[in-house]
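Trainee: sequence and computational prediction follow.
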Amino acid sequence: MTDQTLFSPYLLGDIPLANRVVMAPMTRNRAAGGFVPGPLAADYYAQRASAGLIIAEAAQISQQGQGYQDTPGIYDADQVEGWRRVTGAVHEAGGRIFLQLWHVGRVSHAVLQPGGGPPVAPSAIRARAKTFVNNAFVDVSEPRALEIGELPGILDDYRRAAANAVAAGFDGVEVHAANGYLLDQFAKDGANQRTDAYGGSIENRARLMLEAAEAVSREIGAGRTGVRISPVTPSNGVSTSDAQPLFEHIVEGLDALRLVYLHVVEGATGGPRDIAPFDYGALRKRFKNAYIANNGFDLALAEAHLAADAADLIAFGRPFIANPDLVERLRTGAPLAALDQATLYGGGAEGYTTYPALAAATRP
Ligand code: 8OZ
């Protein structure tokens, strides 16, 4: 007898979710001209609306915040219109959808940057990471260190992006503070060698992430604001000497803002969960609202996590790509379809909206 908690409703702040299955944000590089969500995005997300909550793919908050080709933005009116079609289709299908707000920092290439300039970073340290531009994987560009006087402008970009997301019909937003992007770069000492109020101590390195979360929650409300972190991931060449105390401090700060959820990538993003010792329970204990656990979950691990009260919600990433009806398949024990790697990033309908749901007739 399986525990059915994963399929029971959950109240996320004042947002009712039909179940505890979350679709994790996943970059698909299919935006149209002007970095407007592509024409198929509404279908793609609506097909997956049986998730309790969809967190839509990372959307850059400014041109400076973009790091890969064909990713959608959330900083201008055309982008807001494009996203409105997505949120309308998901709501029509009975789903709930947040948008992930993204600034890549140093994980970018000059060809994507305003005026072809260098990407920005806490310090002028190039990431050992690749990006995808002009249809090819290339090394990221050498970044320049942000001046302290530029940071209020970036916080204002987060604020405006959050307002835009709500105007586009999203139920809320998730601040992307994971995977070696700007806010994670500031937090971690492998990328941040600043000597000002944003570098050095844990308090200083955590500052920009907490200020971004605060700017967003002041704009749209803490009940519509979540944050995603990845304490130990090596994604995009990021590292830190002090993950445990650093993220305990960060989570205390996020809790003080009363954000509606904390989304934690446990382990190496898209890789092993046990890449480094880390006490996630210490984060859960410090955060009163919802804890979303992500990374490498299957049904058994999800149920075990919920039964152990290690999380409130479980985010599934890649399984949602090939299984639009993932919730139903997990609930009935139906087999999961395999993902086609070749159609993951970029392209059209193939591998995006073409994965079928199980036909009603073949359901057990
Ligand atoms: C895969 C490819 C490009 C970007 C992340 C937004 O890792 C991403 C991403 C993933 O958070």
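Mentor: Ah, there it is. Residues are numbered from 1 along each chain as shown.
Trainee: A helix includes residue 165, no?
Mentor: Yes: assessed by DSSP: H, G, I helix; E, B strand; the rest coil, residue 165 belongs to a helix.
Trainee: report how many residues lie close to it.
Mentor: The number of residues packed near residue 165 is 31, by other Cβ atoms under 10 Å. All C-beta spots, glycine's among them, are computed from the backbone N, C-alpha and C.
Trainee: tell me which residues touch it, please.
Mentor: 59, 74, 83, 99, 101, 172, 173, 220 (Cβ atoms under 8 Å, 6 or more residues apart in numbering).
Trainee: hmm, 7 Å instead?
Mentor: Neighbouring residues of residue 165 by Cβ atoms under 7 Å, 6 or more residues apart in numbering: 74, 99, 173.
Trainee: and it, how close does it get to residue 33?
Mentor: Per Cβ to Cβ, to the nearest Å, residue 165 is found 21 Å from residue 33.
Trainee: could you do residue 166 as well?
Mentor: Residue 166 is 24 Å from residue 33, by Cβ to Cβ.
Trainee: neighbour count for these two, which is higher?
Mentor: The neighbour count for residue 166 versus residue 33, taken as other Cβ under 10 Å, is higher for residue 166 (18 against 8).
Trainee: please enumerate the helices of the chain.
Mentor: 41-47, 77-92, 151-167, 182-187, 202-220, 243-256, 280-286, 299-307, 319-322, 326-332 (DSSP state H).
Trainee: deepest in the core, which of the ones you listed is it.
Mentor: helix 182-187 (a mean of 29; mean count of other Cβ atoms under 10 Å).
Trainee: which helices and strands does that helix pack with?
Mentor: Packed against helix 182-187 by the contact rule (3 or more Cβ pairs under 7 Å, 6 or more residues apart in numbering; DSSP states H and E) you find helix 202-220.
Trainee: interface residues of the stretch 251-364 of the chain facing the ligand?
Mentor: Within reach of the ligand by Cβ under 6 Å from any ligand atom, the stretch 251-364 of the chain has these residues: residue 269.
Trainee: just the contacts of residue 165: which are in strands?
Mentor: 99, 173 (DSSP state E).
Trainee: for the ligand, state which of the contacts of residue 165 is nearest.
Mentor: residue 99 (12.5 Å; Cβ to the nearest ligand atom).
Trainee: tell me the bridge partners for that closest one.
Mentor: When bridges are called by DSSP bridges, residue 99 pairs up with residue 56, residue 173.
Trainee: relative to residue 67, how far out is it?
Mentor: Residue 99 is 17 Å from residue 67, by Cβ to Cβ.
Trainee: could you dump stretch 337-352 to PDB, C-alpha only?
Mentor: What follows is stretch 337-352, C-alpha atoms only, in PDB (Å, rounded to 0.1, in the frame of the first residue of the first chain):
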ATOM      1  CA  ALA A 337       8.300   7.500 -21.100                       C
ATOM      2  CA  ALA A 338      12.000   8.200 -21.800                       C
ATOM      3  CA  LEU A 339      13.300  11.700 -22.600                       C
ATOM      4  CA  ASP A 340      14.900  12.400 -26.000                       C
ATOM      5  CA  GLN A 341      18.100  14.400 -25.200                       C
ATOM      6  CA  ALA A 342      18.400  15.600 -28.800                       C
ATOM      7  CA  THR A 343      15.200  17.800 -28.500                       C
ATOM      8  CA  LEU A 344      15.900  19.100 -25.000                       C
ATOM      9  CA  TYR A 345      17.200  22.600 -26.000                       C
ATOM     10  CA  GLY A 346      15.900  24.500 -28.900                       C
ATOM     11  CA  GLY A 347      13.900  23.400 -31.900                       C
ATOM     12  CA  GLY A 348      10.100  23.300 -32.300                       C
ATOM     13  CA  ALA A 349       7.300  21.000 -31.400                       C
ATOM     14  CA  GLU A 350       9.300  17.800 -31.600                       C
ATOM     15  CA  GLY A 351      10.200  16.700 -28.100                       C
ATOM     16  CA  TYR A 352       8.300  19.700 -26.700                       C
END
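Trainee: show residues contacting it.
Mentor: If you take Cβ under 7 Å, 6+ apart as the criterion, stretch 337-352 is touched by 28, 29, 30, 40, 44, 70, 132, 318, 321, 322, 323, 355.
Trainee: same thing but at 6 Å, please
Mentor: Residues outside stretch 337-352 that contact it (Cβ atoms under 6 Å, 6 or more residues apart in numbering): 29, 40, 44, 318, 321, 322, 323.
Trainee: since we're on the residue nearest to residue 180 when sequence neighbours are not counted, how many residues are nearby?
Mentor: Nearest residue to residue 180, sequence neighbours excluded (Cβ to Cβ, 6 or more residues apart in numbering): residue 236, at 3.0 Å. By the criterion of other Cβ under 10 Å, residue 236 has 24 neighbours.
Trainee: with residue 125 instead?
Mentor: Residue 125: 17 neighbours (other Cβ under 10 Å).
Trainee: now residue 14
Mentor: The burial count for residue 14: 9, using other Cβ under 10 Å.
Trainee: quick check: closest non-adjacent residue to it.
Mentor: residue 223 (6.1 Å).
Trainee: and the one you found, how far is that from residue 176?
Mentor: 19 Å.
Trainee: before we move on, what about residue 94?
Mentor: Counting by Cβ to Cβ, the gap from residue 94 to residue 176 is 26 Å.
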